[in-house]
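1. sequence isn't available, so here's the structure alone:
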């Protein structure tokens, strides 16, 4: 969505943009309203007037409330970070990020109980398309209770560390895959 067509729908036109001048300044962001192919409304925001959207908001059901916001967080012209309202309650429940620019989400942070605090983060840290790190706050107190990692990239958790007493310190290490347990190696 980084290069948008301002003639696609009603909203700001090329002529309107020319009247404002290219040097309108960063303080006067260009907001373009577009119609999606599915009938949704898309608001593209070009902060620096370079023709690339730095942010976009999606009103998928045209109820006046955004269900998704996408951001170009590293100024590369690609909207790689998305905030999504998964359950339609008007609150963003997930943040999804493509950290390596390959078009695939690498990190997902989720608020499972809707309290505004992230409860789970999953990540593909080595770029192989398989989730290899899973951080969970199982009791929703805002502190991670367990971290699991797939160390051999087979799609299964190999090691899990947990905070069993809820004091914020990980005390227990469990080897889910016995072949990764250093104590079982002779």
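-> Sure, I can see it. Given the structure is predicted, the values throughout are model-derived calculations rather than measurements. Residues are numbered from 1 along each chain as shown.
2. could you report the neighbour count for residue 146?
-> Per other C-beta atoms under 10 Å, the neighbour tally for residue 146 reads 18. (Glycine included, C-beta is placed from N, CA and C.)
3. let me fix that, I meant to ask about residue 145.
-> Using other C-beta under 10 Å as the criterion, residue 145 is surrounded by 19 other residues.
4. wait, it sits on residue 160?
-> No: Residue 145 is beyond contact range of residue 160, at 10.4 Å (criterion: C-beta atoms under 8 Å).
5. and residue 43, that's in a strand?
-> Yes: counting by DSSP: H, G, I helix; E, B strand; the rest coil, residue 43 is part of a strand.
6. what's near enough to touch it?
-> By C-beta atoms under 8 Å, 6 or more residues apart in numbering, the contact set of residue 43 is 31-34, 56-59, 66.
7. what average pLDDT does stretch 96-108 get?
-> Within the predicted structure, the mean pLDDT of stretch 96-108 is 91.
8. buried residues in it?
-> Across stretch 96-108, burial judged by 16 or more other C-beta atoms under 10 Å covers 96-99, 105-108.
9. for this structure, which helix or strand comes out least confident on mean pLDDT?
-> helix 14-20 (a mean of 40; mean pLDDT, DSSP states H and E).
10. returning to that earlier point: include distance to residue 177 and secondary structure when you put the buried residues of stretch 96-108 into TSV, please.
-> Converted to TSV, the buried residues of stretch 96-108 look like this (distance: C-beta to C-beta, whole Å; DSSP: H, G, I helix; E, B strand; the rest coil):
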residue	distance to residue 177	secondary structure
96	28	strand
97	28	strand
98	28	coil
99	26	coil
105	25	coil
106	23	coil
107	23	strand
108	23	strand
